[in-house]
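**Q** can't give you the sequence, but here's the structure:
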């Protein structure tokens, strides 16, 4: 009898693990990030199909944010965010750095005036048409 379904896998593809740990919304986006050099495995650029093991070191860049993590659990299925957080250990410096960046971004958003007000309503559209000289 094959009991491989009952045991945790020994190795998992990097793109699949990043998707399962909820760093990226799809495996395709995870693969593109890896190919673009946004993910480093044990300090080296890597490929999406590279197999990772428990204890692997990952550095993930996503926008202005950066994670330095150690893989703890090899997962192949996407789980809720609360469970996915248990798949890895993040360094204290990484957590502190991300919190500072998010706080700065939050302050910048609160200080800047909101420019997008959504779609113009009927009255605003009529005013735009009058101003530009265009009729429907």
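**A** Received the coordinates, thanks. None of the values given here were measured: they were computed from a predicted structure. Numbers count the residues shown, from 1 in each chain.
**Q** Pull out the buried positions in the helix or strand containing residue 89.
**A** Using DSSP states H and E, residue 89 maps to strand 88-90. By 16 or more other Cβ atoms under 10 Å, the buried positions in strand 88-90 come out as residue 88. Placement of C-beta: from N, CA and C, glycine included.
**Q** Just give the strands next to it in its sheet, each with its orientation.
**A** Looking at strand 88-90 with DSSP bridges, its partner strands are strand 65-71 (antiparallel).
**Q** What is the helix or strand that comes right after the strand it pairs with packed up against?
**A** Proceeding N to C from strand 65-71, the next assigned helix or strand is helix 81-84, under DSSP H and E. Contacting helix 81-84 under the criterion 3 or more Cβ pairs under 8 Å, 6 or more residues apart in numbering; DSSP states H and E is no other helix or strand.
**Q** Now do the buried residues in helix 81-84.
**A** residue 84.
**Q** What average pLDDT does it get?
**A** Mean per-residue pLDDT for helix 81-84: 92.
**Q** again, but for stretch 129-136
**A** Rounded mean pLDDT across stretch 129-136 is 80.
**Q** Same check on stretch 16-33?
**A** On average, stretch 16-33 scores 95.
**Q** Kindly provide the distance from residue 62 to residue 134.
**A** 42 Å (Cβ to Cβ, to the nearest Å).
**Q** higher neighbour count, those two?
**A** Using other Cβ atoms under 10 Å, the more surrounded residue of residue 62 and residue 134 is residue 62, with 13 against 8.
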